[in-house]
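Asker: Compute the structure for the input listed below.
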Amino acid sequence: MDSYIINNNNLQKELIIKKLKERGCRITKQRKILLDIILEQDCASCKELYYKANAIDSSIGVATVYRVVNVLEEIG
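Answerer: Okay, the predicted model is just below:
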């Protein structure tokens, strides 16, 4: 079951990255970290997402989180 979840997350991540590229977005280390957190963990808010991401990479700021979440909402 765990391998199914991991494979499903990888497929979702690849699809999201493809859609971001189609929109002309650069696929940065910070965006990949945020995608991993969103796909693998249960985050109830941007603030929670920020704290988890910032613990991994302190260069991720609140504005980065909101921009990524906004773009993800736009692409569906």
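
Asker: Using CSV, list the CA coordinates for stretch 29-40.
Answerer: Output in CSV follows, covering the C-alpha atoms of stretch 29-40 (Å, rounded to 0.1, in the frame of the first residue of the first chain):
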residue,chain,number,x,y,z
LYS,A,29,14.2,23.6,-5.4
GLN,A,30,11.7,25.5,-3.2
ARG,A,31,8.8,24.6,-5.5
LYS,A,32,9.7,20.9,-5.4
ILE,A,33,10.0,21.0,-1.6
LEU,A,34,6.5,22.6,-1.3
LEU,A,35,5.0,20.1,-3.8
ASP,A,36,6.5,17.2,-1.8
ILE,A,37,5.0,18.6,1.5
ILE,A,38,1.6,19.2,-0.1
LEU,A,39,1.5,15.7,-1.6
GLU,A,40,2.9,13.8,1.3
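
Asker: starting at the chain centroid, how far to it?
Answerer: 3 Å (CA atoms, centre = their mean, to the nearest Å).

Asker: just stretch 16-30 next, same as before
Answerer: 10 Å.

Asker: can you check stretch 10-19 too?
Answerer: So, by CA atoms, centre = their mean, the centroid of stretch 10-19 is 10 Å from its chain's centroid.

Asker: Neighbours of Arg67, how many?
Answerer: 15 (other CB atoms under 10 Å). For the C-beta atoms, the positions are set from N, CA and C on the backbone; glycine is no exception.

Asker: again, but for Arg23
Answerer: 10.

Asker: separation between it and Leu72?
Answerer: 11 Å (CB to CB, to the nearest Å).

Asker: hey, where'd the helices end up in this protein?
Answerer: All helices of the chain, identified by DSSP state H, fall at 2-22, 29-40, 46-56, 62-75.

Asker: tell me the angle of the second one relative to helix 2-22?
Answerer: Yep, that's helix 29-40 we're talking about. 140 degrees (axes from the mean of the first three to the mean of the last three CA atoms, to 10 degrees).

Asker: just checking, what packs against helix 29-40?
Answerer: helix 2-22, helix 46-56, helix 62-75 (3 or more CB pairs under 8 Å, 6 or more residues apart in numbering; DSSP states H and E).
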